[in-house]
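Asker: from the sequence below, what's the structure:
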Amino acid sequence: MTTAAPEREAVARRRAVSGFTLYDVANSAFVTTVVTAVGGPFLTALAQDAAGPDGRVSLLLLSPRAESLFAYAVSLSVLLQVLALPVLGALADRASAKRRLLVLATAVGSVATLCLAAVPSGAVVLGLLAFVVANLAYGAAILAYNAYLGDVSELPDRDRVSARGFAFGYAGGAFVLALSLALVTANDALGISRTTAVRLAIALSAVWWAGIGAVAVRRLDAVRELPGHDGSTTDEPLRKQVSASLRQLKGSLAALRALPGTARYLLAFLLFNDAIQAVVALSAVVLENELFVAKGLPKDDATPFLLQLILLIQVVAVFGAAGSAKVAARIGAKRTLLGTLVVWIGIVVYAVAALDGTGAAYVLGIFIALVLGGSQALARSLFSSMTPAHRQASFFGFYELAERGTAWIGTLVFAIVLDVTGSYRQALLSLLVLFVSGALLLARTDTDGAIVAARAADAAEQRR
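Answerer: Below is the predicted model:
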C-alpha cells in the first residue's frame, strides 16, 4: 500500500466528520428555536385563541386545556415515530438508503416548519399538523444522521466525535437563536408585531436547517471513500424494499434480544432521556406561565427573556458537551453519564422548590447547560459502541424513539398531570420517576460487556 492511500483515507475521514458535525449545526436550529424556545408558546397562543370560555379547545372528540396542547402534540409526533422509525431504520441499513432518508426527512421537516410559520392566527389544527409533521421528519433525519456516527468514526474516537457534534450543534443553535432574539426584541424598530417576529424566527430555523443540511450531506458523502463502506445500490421497487426492510427489522429485533446488555441500556436510555427531553421541550411553556402569567405579568415580556435564557444555555452547553468527552476519557462514559443524571435530578427538585424569579431561572439554565450536551453526547456514543456495525441504522431506529427533542413518555406524563391538576410544578415533579428509574437501570447495566458482545456479533456476521 502506498503512502497516498492512508492520506486519502485520512482526508476522507476528516471531511466525513466535518459533515457529521455540520448536520448537528443544521438541525439544532429547529430543536432550539422551534421546539425549545418559541414553538411551545406559539402553539399555545394559537390554542388559546381557539379556546372556549372554559379555556379548553374542542379537538375531534377531545377537549384538552389550551396550555397542555403543545405537550400532547410532542407526544403525538413521537407516537407516530414509534410506528415509522423502526421500519425506516431497517430500510436505512440497506445500501444507500441512509443518505436518501436523511435528504428526504430534511426537506420535509424544513417545509413543514415553514408552513408552521405561516399558520393563520387561531388555526390550531393546521398549526398542530405542521408541528407534528416537522417533528416527525426531524426524528427520521436524526435517525439517519446518528447512524452515520459508526461510519465516520472508529470505535476509540467515537466519544470525541459525538461530543464534537453536539458542541458545534449547540453553537449553531445559539447563533440562530441570537438572530431570533434580535428579531423579537427589535420588532418595533422593524415595524412588525411580536407575533410576526416569532413567525420569522421559525421560518429562519427552517431555512437554516435546509441550507446547512445540504452542505453537510455533501460532506458526508466522503464515507464512500472509507474502508468497509457498502457502495451498492438497488433498483428494487419501493414495495420490495419495504418488505425486505421488515424482514431486516425482524432480524434486528432478534439481534437486540441476543444482546441483553444493549437492550437493557436502551430501556434505561428510554426512561432518563424521555425525562430530559420533556424538560427541554416544555421549559419555555413552564417558565412563561410560572414566572409571568401566574404573576399577572404580560406574556409578551416572556419571549425576550426566554430567548436570552435559552441562548445562555446554548453557549454554556458548548463547553459542557466538549468537557464531557474529557471527563469520560478519565473515568469512563458510563460513570460520567450517571453523574449527569444525578445533576438532572437536582435540577428538577430545584425548579419545583425554588423557581421564584428570573434570577433563579438563570441559575437553573446554567446547570442545565453543563449537563445537557454531556448526557446526550455520551448516551449516543455509548449506544453506538454497543451496537453491531452492520445494524447501526436499524438499532438507531429503536434509539431514536426516545432521542433528543422527541420524548413521548415524559411529555405525556407531564400533559396528563397538568391536565388533571392545572399545576406546572406538580407536572414537572412527576418526571423524577423517569430520571431515577433510568439512572438505576443504567447503573445495573454492564456496558463494557455489551460493547464486547456487539463486536462479537459483527465478527460472527463476517464469518457467514
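Asker: using PDB, list the CA coordinates for the one helix or strand Val103 maps to.
Answerer: Using DSSP states H and E, Val103 maps to helix 97-117. Output of helix 97-117 as PDB, limited to C-alpha atoms (Å, rounded to 0.1, in the frame of the first residue of the first chain):
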ATOM      1  CA  ALA A  97     -31.000   4.400   1.700                       C
ATOM      2  CA  LYS A  98     -29.500   6.100   4.700                       C
ATOM      3  CA  ARG A  99     -28.500   9.100   2.600                       C
ATOM      4  CA  ARG A 100     -31.900   9.200   0.900                       C
ATOM      5  CA  LEU A 101     -33.700   9.200   4.200                       C
ATOM      6  CA  LEU A 102     -31.500  12.000   5.600                       C
ATOM      7  CA  VAL A 103     -32.200  14.200   2.500                       C
ATOM      8  CA  LEU A 104     -35.900  13.500   2.300                       C
ATOM      9  CA  ALA A 105     -36.500  14.000   6.100                       C
ATOM     10  CA  THR A 106     -34.600  17.300   6.000                       C
ATOM     11  CA  ALA A 107     -36.600  18.500   3.100                       C
ATOM     12  CA  VAL A 108     -40.000  17.500   4.600                       C
ATOM     13  CA  GLY A 109     -39.100  18.900   8.000                       C
ATOM     14  CA  SER A 110     -37.900  22.200   6.600                       C
ATOM     15  CA  VAL A 111     -41.000  22.700   4.500                       C
ATOM     16  CA  ALA A 112     -43.300  21.800   7.400                       C
ATOM     17  CA  THR A 113     -41.500  24.300   9.600                       C
ATOM     18  CA  LEU A 114     -42.100  27.000   7.000                       C
ATOM     19  CA  CYS A 115     -45.800  26.000   7.000                       C
ATOM     20  CA  LEU A 116     -45.900  26.400  10.800                       C
ATOM     21  CA  ALA A 117     -44.500  29.900  10.500                       C
END
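Asker: now the following helix or strand past it: buried residues?
Answerer: With elements assigned by DSSP H and E, the helix or strand that comes after helix 97-117 is helix 124-147. Residues 124, 127-147 are the ones in helix 124-147 that count as buried (16 or more other Cβ atoms under 10 Å). Placement of C-beta: from N, CA and C, glycine included.
Asker: check the offset of helix 124-147 from the chain's centre.
Answerer: In terms of Cα atoms, centre = their mean, to the nearest Å, the centre of helix 124-147 is set 10 Å apart from its chain centre.
Asker: name the next helix or strand downstream of it, please.
Answerer: Next in sequence after helix 124-147, counting helices and strands by DSSP H and E, comes helix 149-152.
Asker: flag the shaky bits of the stretch 301-450 of the chain, pLDDT-wise.
Answerer: Scanning the stretch 301-450 of the chain with the threshold set as pLDDT under 70 gives 393, 397, 400-408.
Asker: that one: helices as residue ranges?
Answerer: Taking DSSP state H, counting those that start in this stretch to define them, one finds helices in the stretch 301-450 of the chain at 302-331, 333-354, 358-385, 392-400, 409-421, 424-429, 432-443, 447-463.
Asker: possible to save the ones you listed as TSV with distance to Ala105?
Answerer: Converted to TSV, these look like this (distance: least, Cβ to Cβ, whole Å):
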stretch	distance to Ala105
helix 302-331	23
helix 333-354	27
helix 358-385	18
helix 392-400	11
helix 409-421	21
helix 424-429	31
helix 432-443	27
helix 447-463	26
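Asker: quick check: Ala197 touching Leu181?
Answerer: No - Ala197 is beyond contact range of Leu181, at 9.8 Å (criterion: Cβ atoms under 8 Å).
Asker: so Tyr132 makes contact with Leu80?
Answerer: If you look again at residue 132, you'll see it is Val, not Tyr. Yes - Val132 is within contact range of Leu80, at 7.1 Å (criterion: Cβ under 8 Å).
Asker: hmm, back to that, in the helix holding Val103, what's buried?
Answerer: 97-99, 101-102, 104-117.
Asker: which strands or helices does it pack on?
Answerer: Packing contacts for helix 97-117, counted by 3 or more Cβ pairs under 8 Å, 6 or more residues apart in numbering; DSSP states H and E, involve helix 4-29, helix 69-92, helix 124-147, helix 194-220.
Asker: returning to what we had before: export the helices of the stretch 301-450 of the chain to a markdown table and tack on mean neighbour count?
Answerer: Putting these into a markdown table (neighbours: other Cβ atoms under 10 Å) gives the following:
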| stretch | mean neighbour count |
| --- | --- |
| helix 302-331 | 21 |
| helix 333-354 | 18 |
| helix 358-385 | 22 |
| helix 392-400 | 28 |
| helix 409-421 | 21 |
| helix 424-429 | 20 |
| helix 432-443 | 18 |
| helix 447-463 | 15 |
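Asker: could I get the full set of helices for the stretch 151-300 of the chain?
Answerer: Counting by DSSP H, counting those that start in this stretch, the segments of the stretch 151-300 of the chain that form helices are 158-185, 187-190, 194-220, 238-257, 260-291.
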